[in-house]
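> with the sequence up front, the predicted model follows.
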2 protein chains.
Amino acid sequence: MLVSELAERAGVPLATVKYYLREGLLPAGVTTGPRRAEYAEAHLRRLRVLRLLREVGEVPVTSLRQVVDALDDEELPVHEVMTLVADVISARPEPENQVPGSLDTVDAVLAQVGWDLVRAESIDRQRLAELVTLLNGPGPLAASVEVLGLYAGIADQLARAEIALVSQSTDRAELLEQMVTGSVVYGQVFVLLRQLGHEHHHARLTTAARRPEPVT
Amino acid sequence: MLVSELAERAGVPLATVKYYLREGLLPAGVTTGPRRAEYAEAHLRRLRVLRLLREVGEVPVTSLRQVVDALDDEELPVHEVMTLVADVISARPEPENQVPGSLDTVDAVLAQVGWDLVRAESIDRQRLAELVTLLNGPGPLAASVEVLGLYAGIADQLARAEIALVSQSTDRAELLEQMVTGSVVYGQVFVLLRQLGHEHHHARLTTAARRPEPVT
DNA sequence: GGTAGTAAGATAGTGCTGGTATCCACACTT
DNA sequence: AAGTGTGGATACCAGCACTATCTTACTACC
């Protein structure tokens, strides 16, 4: 497969494919001549993963570099790749300062759902503490351990279910691609479903005065 | 309160506040002289909402205009403001084309959880269909009604719980601010908790070979 | 009443991101 | 022999969210 065909099959402009090659997001094809190179199916799959991460996950291209580096490092166990990818995707340019108690709140919540295998240096843990800081700052909102625990309980269900759905693939590269894209795309799916749930339940609430409905 | 104090108290650069004023995101203060204007607490709250939507929700400035327009339209019932805001926040510049069956899949899932009050024109519904198209295209993933139903069931729990947490405020403006920012910030909180859940449960799975742990 | 400080308002410029576009010298196809 | 298309390099561009600067004029303190 030549570049043009690669671009064609992935539905990506040729110029963009060249850009990704420049940036090292896609490995170069095997050169079959001074102005000729051959690309394999693996390139196509990689390209599709990249586009999903960009378009659905809105992951910046600089972060994609780190993601593919992790994916391509055969030494790295699957789990470590996943934590690394999680960190990269959640990273923000400016880690905000936070009130000291926020991390304690987060840790209390994590303990409550029994997540003792979360790394202390997890970016998600830090980010969560930042959000707790924001919530407990000036404003109408507040984040108690009780409320956060409610969220964590539901997140626990979701995470368990999702983990259970994946674990039957064999090939390392394939498994990783499935987990990474799945995490991003289904994450978005869940966000949208939550919004739709809000829409439905809020509608039911506001029309309840007119035509009271049985609460299931 | 003068602009400088407004900016100071919200922790936002003065230049940015001026920018928001120019863009009509913040209403002008009451002019107390040719080069003097007074800002109220409402301006400060509005500014904080805007920053939360921008920084946590990553809502583009142009969309913020639509959000504040909806918030300021006193004629609009709370529920309609919320659906409008949901649409604005989920909107994408390029609505992708999709395979026709995707919308049917989405509707089947919505029916399964009983969300019959979701508007047909909801952007979230369309977006979800786009994602289903993507998932069922070439690639390692697939989206069945069964799997999506699992997600929807959990989203239903979450949405119910969240709706129940809000409904005790009185003032329209205050209620809306709480709902809009809460939806955005707690949405992010949940996303992070889901990631942390993945990290924990996947770690447990991969270490299970070495030291088998009782599944709770 | 003079003067330093700052406000409001307007206009222009900046830095970053994620691509596009163009050019080139050459090889493969027909 | 002609024409299309390649890899590779470099330059360019559009959008976004600010940021900087400049002007005019009021205000508050001495």
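Received, thanks.

> the helix or strand of chain A with the lowest mean pLDDT close to DNA strand D?
Every helix and strand of chain A was ranked by mean pLDDT, DSSP states H and E. The lowest is strand A:30-33, at a mean of 82. Yes - applying CB under 7 Å from any atom of the strand, one finds strand A:30-33 in contact with DNA strand D at residue A:31. Quick note: C-beta positions are derived from backbone N, CA and C, even for glycine.

> what strands line up against that strand, and which way round?
Within its sheet, and counting by DSSP bridges, strand A:30-33 is paired with strand A:36-38 (antiparallel).

> the partner strand near DNA strand D at all?
Yes - residues of strand A:36-38 contacting DNA strand D under CB under 7 Å from any atom of the strand: A:36-37.

> for DNA strand C, see how far away residue A:90 is.
As for residue A:90, its distance to DNA strand C is 15 Å (criterion: CB to the nearest atom of the strand, to the nearest Å).

> I'd assumed residue B:192 was in contact with that residue.
Yes - look at residue A:90 against residue B:192 with CB atoms under 8 Å: they come within range, at 7.1 Å.

> now for these two: what residues contact both?
A:124, A:127 (CB atoms under 8 Å, 6 or more residues apart in numbering or on different chains).

> which one's more surrounded, these two?
residue B:192 (25 against 19; other CB atoms under 10 Å in any protein chain shown).

> quick one: average pLDDT of the longest helix along chain A?
Secondary structure of chain A per DSSP state H: the longest helix is helix A:172-207. Here helix A:172-207 scores 95 as its mean pLDDT.

> that helix and chain B in contact?
Yes - residues of helix A:172-207 contacting chain B under CB under 8 Å from any CB of the partner chain: A:174, A:177-178, A:181-183, A:185-207.

> what residues does chain A put near DNA strand D?
Within chain A, the residues that sit near DNA strand D (CB under 7 Å from any atom of the strand) are A:2-5, A:14, A:18, A:21-22, A:28-29, A:31, A:35-37.

> how about a cut-off of 6 Å?
Selection of chain A residues close to DNA strand D by CB under 6 Å from any atom of the strand yields A:2-4, A:18, A:22, A:28-29, A:31, A:35-37.

> so the longest helix of chain A versus helix B:172-207, what angle?
Here helix A:172-207 runs at an angle of 150 degrees relative to helix B:172-207 (axes from the mean of the first three to the mean of the last three CA atoms, to 10 degrees).

> host element of residue A:15?
Here residue A:15, judged by DSSP states H and E, is contained in helix A:14-22.

> just confirm yes or no for that helix near chain B.
No - judged by CB under 8 Å from any CB, helix A:14-22 stays clear of chain B, getting no closer than 14.5 Å.

> the least confident helix or strand of chain A: how far from the chain's middle?
Centre-to-centre, strand A:30-33 and its host chain are 35 Å apart (CA atoms, centre = their mean, to the nearest Å).

> can you give me the helices for chain A?
Using DSSP H, the helices of chain A run over residues A:3-10, A:14-22, A:41-55, A:61-72, A:78-90, A:101-113, A:123-136, A:145-166, A:172-207.

> closest one to residue B:128 among these?
Proximity to residue B:128 (CB to CB) singles out helix A:172-207 among those, at 4.7 Å.

> tell me the contacts of the nearest residue to residue A:169 once chain neighbours are set aside?
Closest residue in space to residue A:169, ignoring its immediate chain neighbours: residue A:175 at 4.2 Å, by CB to CB, 6 or more residues apart in numbering or on different chains. Contact analysis of residue A:175 by CB under 8 Å, 6+ apart lists A:78, A:166, A:169.

> do I have it right that the second one meets residue A:182?
This points to residue A:166. Yes - Residue A:166 is within contact range of residue A:182, at 6.7 Å (criterion: CB under 8 Å).

> who has more neighbours out of the two?
Using other CB under 10 Å, the more surrounded residue of residue A:166 and residue A:182 is residue A:182, with 19 against 15.

> any idea how far DNA strand C is from the more buried one?
Taking CB to the nearest atom of the strand, one finds residue A:182 at 21 Å from DNA strand C.

> any idea how many residues pack against residue A:140?
Residue A:140, neighbours per other CB under 10 Å, totals 16.

> quick one: it and residue B:204, what's the gap?
Computed as CB to CB, to the nearest Å, the residue A:140 to residue B:204 distance reads 38 Å.

> skip the chain neighbours and tell me the closest residue to the residue most central in space within chain A.
Closest to where the C-alpha atoms of chain A average out (CA atoms, centre = their mean) is residue A:184, at 3.9 Å. Spatial nearest neighbour of residue A:184, chain neighbours left out: residue A:57 (3.9 Å); criterion: CB to CB, 6+ apart.

> so where's chain A uncertain?
Judged against pLDDT under 70, the low-scoring parts of chain A cover residues A:167, A:208-216.

> spell out which residues of it are next to DNA strand C.
Counting by CB under 6 Å from any atom of the strand, chain A sits next to DNA strand C at A:13, A:15-16, A:19, A:33-36, A:54, A:60-62.

> quick one: buried ones out of those?
Taking 16 or more other CB atoms under 10 Å in any protein chain shown as the criterion, what is buried in those is residue A:54.

> from the residues of chain A next to DNA strand C, pick the one nearest residue A:94.
For the residues of chain A next to DNA strand C, the nearest to residue A:94 is residue A:60 (14.0 Å; CB to CB).

> from residue A:66, how far out is that closest one?
Counting by CB to CB, the gap from residue A:60 to residue A:66 is 10 Å.

> likewise residue A:190?
Distance, residue A:190 to residue A:66, using CB to CB: 24 Å.

> try residue A:160
28 Å.

> got a list of what the closest residue to residue A:159 other than its chain neighbours touches?
Nearest non-adjacent residue to residue A:159, counting by CB to CB, 6+ apart: residue B:197, 2.8 Å away. For residue B:197, the contact set (CB under 8 Å, 6+ apart) comprises A:113, A:115, A:152, A:155-156, A:158-160.
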